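Q: below are the sequence and a predicted model for it; my questions follow.
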There are 2 protein chains.
Amino acid sequence: MSPAKRHAKVKMTDIAQAVGVSAMTVSRAFKGDTGVKPATRAAVLSKAEELGYVFDATAANLRQSRTGFVAVVVPSLENANFSATVRALSKALSQKNIQILLANTEYDVEEEERLIPQLLRRNPEAIVLIGTQHSKRTRALLKKAPVPVIEIWDLPREAIGHVVGFSNFDAVQLLVAHLVKSGRRRLGFLGGEAGNDPRGQQRRAGFVAALAQLALPAHRLVPLGTAPVGMTEGAAGLDRLLSQFPDTDGIICVSDLVGFGAVAQCARRGIAVPETLAIAGFGNYEIGRVCEPALTTVDVGAEQIGQRTAELVFDLLAPGNTRQGPRRFDIHPDLIVRRSTP
Amino acid sequence: MSPAKRHAKVKMTDIAQAVGVSAMTVSRAFKGDTGVKPATRAAVLSKAEELGYVFDATAANLRQSRTGFVAVVVPSLENANFSATVRALSKALSQKNIQILLANTEYDVEEEERLIPQLLRRNPEAIVLIGTQHSKRTRALLKKAPVPVIEIWDLPREAIGHVVGFSNFDAVQLLVAHLVKSGRRRLGFLGGEAGNDPRGQQRRAGFVAALAQLALPAHRLVPLGTAPVGMTEGAAGLDRLLSQFPDTDGIICVSDLVGFGAVAQCARRGIAVPETLAIAGFGNYEIGRVCEPALTTVDVGAEQIGQRTAELVFDLLAPGNTRQGPRRFDIHPDLIVRRSTP
DNA sequence: CGTGAAATAGTTATCGATAACATATGGAGG
DNA sequence: CCTCCATATGTTATCGATAACTATTTCACG
């Protein structure tokens, strides 16, 4: 810690005094455009530089009751899809100098319940939640909260506020349709255990519903354990699925990570993909693009969700915003066909 | 927006009035431990609940000049190693209700220079930076900043403040030693182009130095482009390396992602790994554990870095802290041998 | 030149919680 | 029954920037 750090904090009044103006003028000079003579502004800014002044956002925030940050609640950062969303969101927000207050729930609804009040105390301008499954208390808290709530990555029947997401349920149907069209009939699903990954469950529900509609059997379901499930679980899951249902001719996985685990396990076991077994993933992760054979998957537009969310935030914070009702953006996932399915 | 949201904000004085005590008593009741009669505290808390009171951290922060958040600057969140660190850090900090203010530089030193002043204005209690390469202005700014600076993920010769990291330079030597011990002599390196990934460059430098020390040729270097480089670049890089240096018998990759790309490409080209070509990765990503053959790699203790950083932050913020000099934690990476090397 | 609107600058009060200090109440001990 | 100290609570001023208002200067134009 250098000696400079021990100096008393420099504030606007110090600059004001040094330059010979009032604190208000300094404040105006910093904000940029209001009526301050260019010469005065220059003097203020140079003196500020000289004194090593650092603007105190806390004080400004209190006075203005605007904080300029957005709270973001994620189930996990290690999921490349979620981090892509956060990245896109962060990038867009930082353009307008809005900061992100990050909270990580580890897929735990109770942890979320504990964290959200902590975030709300800081008066974020909006709160963005990946996921739409919350505890009763959390929902009640957010409903009353004096900030816009944006749930993303899903399309809940009953949203708390705004929504930017897609239907996991529908997205899986793209994959089912594709596999069925290419002649597969005995389809299995890896992932989506009842529990802490609502998106995974929805994908499974979508799978079951799609098969039911086609009058195909939908009993080949293998849960993989507690989220997050990854490549390791995919490999183990494939073995489990095939030992229970050896005649399976197509598998849809809850994510590309699981899909890759399954494909890799097939390679080890000498099962031909896609000839003997077609395998599809979900989420368009990099691994699905690179593995052998490359995975058919669904691109859910992770970046797009982040981008759109940022735009929504800008909209909500726009000065003239006549708070209309809650908004709902439906992102449409794209089917990406690759070599792992015929 | 529910009607409740239009209500004027409830503050401590409102509760005080409703309960018939002073604002100070309400404040004390919330803090928990100071001398407040249990009955009074109960009355205050229940009234607060009833009125839907939300504590305003901004005001408290201003008064106390403590904000309770830590700024975290990352080059990228999509790197699983970095997000593991952030996750561990976030998890530990949230235990003590310290929030994370996140900033993403996208591996861009100028973006970092733009973002850090924004963060400093918010009076974080500490600023954590992944990486030790900063612009001159950034360094100067951080040196003067009235908050502890913690650089992580590297061991810089000249740190700004505290350090929690490991030597990328040394870590690679573990891999070189391992490959050489198993008889490989014509080693190549994929990654670490001069540019925006200083950690990658250090790994390459470590590779060159290790070979030089063993009097082995160290010219088989293939840059992959601008960070972040991943699986795709690994596959392309392998082709490039083998076309330039067909006799290569061992490759060290700047990350497991690149390593996987290389291994996958070998599978496509029918090159036997590790018999013909040994391949090692870096970072102990999940992919390296699951791919075929599994990758020999170096575990750099990403979570451990986050954990340690949190502990350091706690230490620095401890009330009785007699600010000693800067601290330096050297994390020791571990070699993990798997099937991709003999 | 004089006048008034625009441009520039200053004053005062405020955002909401709390540190620091001041005061009231209760009960133990003499 | 009174002193004294611990416990419980109240008062006042403050953190630093800025909204809202007021005051002054500038200058275009008649």
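A: Cool, got the structure.
Q: and the closest residue to residue A:253 other than its chain neighbours, how many neighbours does it have?
A: Leaving aside its sequence neighbours, residue A:253 sits nearest to residue A:259 (C-beta to C-beta, 6 or more residues apart in numbering or on different chains; 3.9 Å). All C-beta atoms are positioned from the backbone trio N, CA, C, and that covers glycine. Neighbours of residue A:259 under the rule other C-beta atoms under 10 Å in any protein chain shown: 31.
Q: show the contacting residues for residue A:259.
A: Residues counted as contacts of residue A:259 (C-beta atoms under 8 Å, 6 or more residues apart in numbering or on different chains) are A:190, A:234, A:253, A:279, A:280, A:281, A:282, A:288, A:295, A:297, A:340.
Q: helix or strand for it, which one?
A: helix A:256-269 (DSSP states H and E).
Q: mind listing what's buried in that helix?
A: A:256, A:257, A:258, A:259, A:260, A:261, A:262, A:263, A:264, A:265, A:266, A:267 (16 or more other C-beta atoms under 10 Å in any protein chain shown).
Q: distance of the second one from residue A:190?
A: The span separating residue A:257 from residue A:190 equals 11 Å under the rule C-beta to C-beta, to the nearest Å.
Q: got any residues that touch both of the two?
A: In contact with both residue A:257 and residue A:190: residue A:234, using C-beta under 8 Å, 6+ apart.
Q: tell me the pLDDT at residue A:323?
A: Residue A:323 is assigned 63 on the pLDDT scale.
Q: how much space between residue A:54 and residue B:121?
A: 6 Å.
Q: by mean pLDDT, which helix or strand of chain A comes out lowest?
A: helix A:286-290 (a mean of 90; mean pLDDT, DSSP states H and E).
Q: secondary structure class of residue A:70, three-state.
A: The local conformation at residue A:70, judged by DSSP: H, G, I helix; E, B strand; the rest coil, is strand.
Q: could you pull up the contacting residues of the closest residue to it other than its chain neighbours?
A: Leaving aside its chain neighbours, residue A:70 sits nearest to residue A:126 (4.9 Å; criterion: C-beta to C-beta, 6+ apart). Shown in contact with residue A:126 (C-beta under 8 Å, 6+ apart): A:70, A:71, A:147, A:148, A:149, A:150, A:313, A:316, A:317.
Q: one more pass at 7 Å, please.
A: A:70, A:147, A:148, A:150, A:313, A:316 (C-beta atoms under 7 Å, 6 or more residues apart in numbering or on different chains).
Q: can you list these in JSON lines and add neighbour count?
A: Formatted as JSON lines, the contacts of residue A:126 follow (neighbours: other C-beta atoms under 10 Å in any protein chain shown):
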{"residue": "A:70", "neighbour count": "27"}
{"residue": "A:147", "neighbour count": "20"}
{"residue": "A:148", "neighbour count": "25"}
{"residue": "A:150", "neighbour count": "28"}
{"residue": "A:313", "neighbour count": "22"}
{"residue": "A:316", "neighbour count": "19"}
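Q: what does the stretch 1-150 of chain A have sitting close to DNA strand D?
A: Residues of the stretch 1-150 of chain A found near DNA strand D (C-beta under 7 Å from any atom of the strand) are A:9, A:11-13, A:23-24, A:27, A:30-31, A:55-56, A:59-60, A:62-64.
Q: ok, and the most crowded of those?
A: residue A:12 (21 neighbours).
Q: what about residue A:44, helix or strand, and which?
A: Short version, using DSSP H and E: residue A:44 is in helix A:38-51.
Q: which helices and strands does that helix pack with?
A: helix A:12-19, helix A:23-31 (3 or more C-beta pairs under 7 Å, 6 or more residues apart in numbering or on different chains; DSSP states H and E).
Q: domain ranges for chain A?
A: A:3-55, A:67-166+A:303-332, A:168-299 (automatic domain parsing).
Q: DNA strand C: which of the ones you listed is closest?
A: Distances from DNA strand C to each of those were compared by C-beta to the nearest atom of the strand, and the smallest falls on domain A:3-55, at 3.4 Å.
Q: on that earlier part again, tell me which of the contacts of residue A:259 fall in strands.
A: Within the contacts of residue A:259, residues falling in strands by DSSP state E are A:190, A:253, A:279, A:280, A:297.
Q: so where do the strands sit in the stretch 1-150 of chain A?
A: For the stretch 1-150 of chain A, the strands defined by DSSP state E, counting those that start in this stretch occupy A:69-74, A:99-104, A:126-130, A:149-152.
Q: ok, so what distance separates the closest residue to residue A:242 other than its chain neighbours from residue A:280?
A: Distances taken as C-beta to C-beta, 6+ apart put residue A:248 closest to residue A:242, at 6.5 Å, once the chain neighbours are dropped. Noted for residue A:248: a distance of 13 Å to residue A:280, by C-beta to C-beta.
Q: compare the two (neighbour count), which wins?
A: Neighbours were counted for residue A:248 and for residue A:280 using other C-beta under 10 Å; residue A:280 has more, 31 against 19.
Q: contacts for the least confident helix or strand of chain A?
A: A:256-257, A:259-260, A:281, A:294-295, A:297, B:230-232, B:235, B:261, B:264, B:287.
Q: from the chain's centroid, how far away is that helix?
A: Centre-to-centre, helix A:286-290 and its host chain are 20 Å apart (C-alpha atoms, centre = their mean, to the nearest Å).
Q: how about stretch A:49-68?
A: Relative to its chain's centre, stretch A:49-68 lies at 29 Å (C-alpha atoms, centre = their mean).
Q: any residue of it touching DNA strand C?
A: Yes. Stretch A:49-68 comes into contact with DNA strand C (C-beta under 7 Å from any atom of the strand), by way of A:59, A:62, A:63, A:65.
Q: which one of those residues is nearest residue A:201?
A: Here the nearest of the residues of stretch A:49-68 next to DNA strand C to residue A:201, counting by C-beta to C-beta, is residue A:65; it sits at 39.6 Å.
Q: now that closest one. Nearest residue, chain neighbours left out?
A: Using C-beta to C-beta, 6+ apart, the closest residue to residue A:65 is residue A:123 (7.1 Å).
Q: can you tell me how far whichever residue of the stretch 101-250 of chain A sits closest to DNA strand D is from residue B:53?
A: Nearest residue of the stretch 101-250 of chain A to DNA strand D: residue A:123, at 13.4 Å (C-beta to the nearest atom of the strand). Distance of residue A:123 to residue B:53, computed by C-beta to C-beta: 13 Å.
Q: kindly report the same for residue A:178.
A: From residue A:178 to residue B:53 the distance is 53 Å (C-beta to C-beta).
Q: what of residue A:89?
A: 30 Å.
Q: show me which positions of the helix holding residue A:44 end up buried.
A: Quick answer for helix A:38-51 (16+ other C-beta under 10 Å): A:40, A:41, A:43, A:44, A:45, A:47, A:48.
Q: now swap in stretch A:78-87 and tell me
A: In stretch A:78-87, counting by 16+ other C-beta under 10 Å, buried: A:78, A:79, A:80, A:81, A:82, A:83, A:84, A:85, A:86, A:87.
Q: can you put these in CSV and add pLDDT?
A: As requested, those are exported to CSV (pLDDT from 0 to 100):
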residue, pLDDT
A:78, 87
A:79, 90
A:80, 91
A:81, 94
A:82, 95
A:83, 94
A:84, 95
A:85, 97
A:86, 96
A:87, 95
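Q: closest to residue A:174 among those?
A: residue A:81 (16.6 Å).
Q: mean confidence for the helix holding residue A:44?
A: Here helix A:38-51 scores 93 as its mean pLDDT.
Q: same check on stretch A:57-74?
A: Stretch A:57-74 comes out at a mean pLDDT of 96.
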